[in-house]
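[1] no sequence for this one, just the structure:
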Ligand code: AMP
């Protein structure tokens, strides 16, 4: 039996391949036949290069439908797709290429000079170019090849992709995902989220990350659903497309930016059946504001590069909970079918409902390990095969999972655990606070204490000392950050995650410069 992911996705294409599969914000239309034929030409070209088996194909290019076709071509040809964020610079690219040793590198024509130098020095055989206007040598070379191609026969564990983790501490690691990891996950989501062939997905996420590449694209392809393809997230464009769409997948920032548009209302969202959020925690305030403005309840889900999707709030009523279909703000829902999730304490014991500990997971979607890092891989799996996600969380009495933050963000103040998410939640509920982020900084007496960064709502002036005083009335004293700074913005990565490593540096700098807001 062939376990090739492309072959499985291809079975979901509609029988009429002339129907439109992708419509872009640049006015281009691609049929299902275009996806099939374009990826076939690319796969035939890749085949003609006679690359060694399981070659890595690294791609640093702007988002385009041709990148999608190239991904499909990698799957068809049995090689490994390795997408790289276009924002990566020289040192980062040198690390990824040196670590992955790709046989083929695809980059933009503008970056060809320096990237090809790095790649050829690292032993890469071919470097070709692709821009977001269908220009560059890649398509020109593929155009000489046949548009008919039979996918190679893949085994379930054959590698399909390597996704480098965003790596806020230490070196980024390449998560190795197999055809079976990816296929099992999209099959579960097809059912869990009730995908339909007449769904229309707004695709405004990047395609170098699991969310946009696997969750969104696989979902649309396996279900033969059309995509409205946005080359980048522009809230007004998303709003303009909303009346034609049935599904939107986004990071929380999508939702906060859409809420800032006066035109967002129930009428414009009337056709949409599902709003999905993930990749970073959605504020309860955003969740509730969305409900109020649009009448829709966002479905929040949780996953990561190493595992694809792990948990989801329910899409439809679940017999386990009577006829209710309750999506809860601040929760990431239930483990998906086939996923085992447990919360483990410091001593390795599995904890009861309501207790906070490390989240460990097991399932057909969980990756095989980190590329060329056997020791790191061994460290992050338990003896009984659970992957230690590095996230802290709890499962409540109803079975809903809540994330309280990354374990490395945990603050240990005077020997007591302080979970940043709890402090952030308390801060966010204070009048005038739009959002907050709390990080740990060294403290001579307590070992570590919290440092809060707070973003005010528009037009509100906040005072650090008053915020800390208000927190003292709500939380045990050891949890209250010793320092607080009101900021005009929080640093985020391209997936909307607050970059706590940058905040930690800022806190250290600001702590050594002034101690004015230190309340001790
Ligand atoms: P990445 O590998 O870039 O997808 O990042 C995965 C990490 O993002 C997870 O380990 C979580 O820390 C975080 N994450 C993803 N989805 C959520 C969510 N819905 N709520 C809170 N954190 C999330």
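    Done, it's in. Keep in mind that this is a model prediction, so the values were computed, not measured.
[2] pLDDT below threshold where in the stretch 401-520 of the chain?
    512-520 (pLDDT under 70).
[3] no no, the stretch 151-300 of the chain
    Judged by pLDDT under 70, the stretches of the stretch 151-300 of the chain that qualify are 167-170.
[4] Which parts of this protein belong to which domain?
    Residue ranges for the domains of the chain, per automatic domain parsing: 1-14+32-154, 410-511.
[5] would JSON lines of these with mean neighbour count and distance to the ligand be doable?
    Where C-beta positions appear, they are placed from N, C-alpha and C, glycine not excepted. Shown next, in JSON lines, are the domains of the chain (neighbours: other C-beta atoms under 10 Å; distance: least, C-beta to the nearest ligand atom, whole Å):
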{"stretch": "domain 1-14+32-154", "mean neighbour count": "19", "distance to the ligand": "11"}
{"stretch": "domain 410-511", "mean neighbour count": "18", "distance to the ligand": "6"}
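[6] Tabulate these (a markdown table), appending distance to residue 197.
    As requested, the domains of the chain are exported to a markdown table (distance: least, C-beta to C-beta, whole Å):
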| stretch | distance to residue 197 |
| --- | --- |
| domain 1-14+32-154 | 7 |
| domain 410-511 | 29 |
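[7] Tell me how many other residues surround the closest residue to the ligand within the stretch 151-300 of the chain.
    Residue of the stretch 151-300 of the chain nearest the ligand, by C-beta to the nearest ligand atom: residue 281 (3.7 Å). Per other C-beta atoms under 10 Å, the neighbour tally for residue 281 reads 23.
[8] what's the answer for residue 256, then?
    Residue 256, neighbours per other C-beta under 10 Å, totals 20.
[9] Need the residues that contact stretch 151-161.
    2-7, 10, 43, 54, 74-78, 80-83, 176-182, 213, 368 (C-beta atoms under 8 Å, 6 or more residues apart in numbering).
[10] Report the contact partners of the closest residue to the ligand within the stretch 401-520 of the chain.
    Residue nearest to the ligand within the stretch 401-520 of the chain: residue 403 (4.2 Å; C-beta to the nearest ligand atom). Contact analysis of residue 403 by C-beta under 8 Å, 6+ apart lists 281, 302, 332, 359, 391-393, 421.
[11] repeat that with 10 Å
    By C-beta atoms under 10 Å, 6 or more residues apart in numbering, the contact set of residue 403 is 280-281, 300, 302, 311, 330-332, 359, 389, 391-394, 419, 421.
[12] rewinding a little: just checking, the residue of the stretch 151-300 of the chain closest to the ligand touches residue 497?
    Yes - using C-beta atoms under 10 Å, residue 281 is in contact with residue 497, at 8.9 Å.
[13] Identify the contacts common to those two.
    By C-beta under 10 Å, 6+ apart, the residues touching both residue 281 and residue 497 are residue 252.
[14] And stretch 189-197, end to end?
    One end of stretch 189-197 sits 14 Å from the other (C-alpha to C-alpha, to the nearest Å).
[15] Give me every residue in the stretch 151-300 of the chain lying close to the ligand.
    165-166, 210, 278-281, 300 (C-beta under 6 Å from any ligand atom).
[16] Can you list which of those residues are found in helices?
    Among these, the residues falling in helices (DSSP state H) are residue 210.
[17] And the longest helix along the chain, what does it pack against?
    Secondary structure of the chain per DSSP H: the longest helix is helix 32-48. Here helix 32-48 touches helix 5-10, strand 20-24, helix 65-77, helix 137-142, going by 3 or more C-beta pairs under 10 Å, 6 or more residues apart in numbering; DSSP states H and E.
[18] Good, wrapping up.
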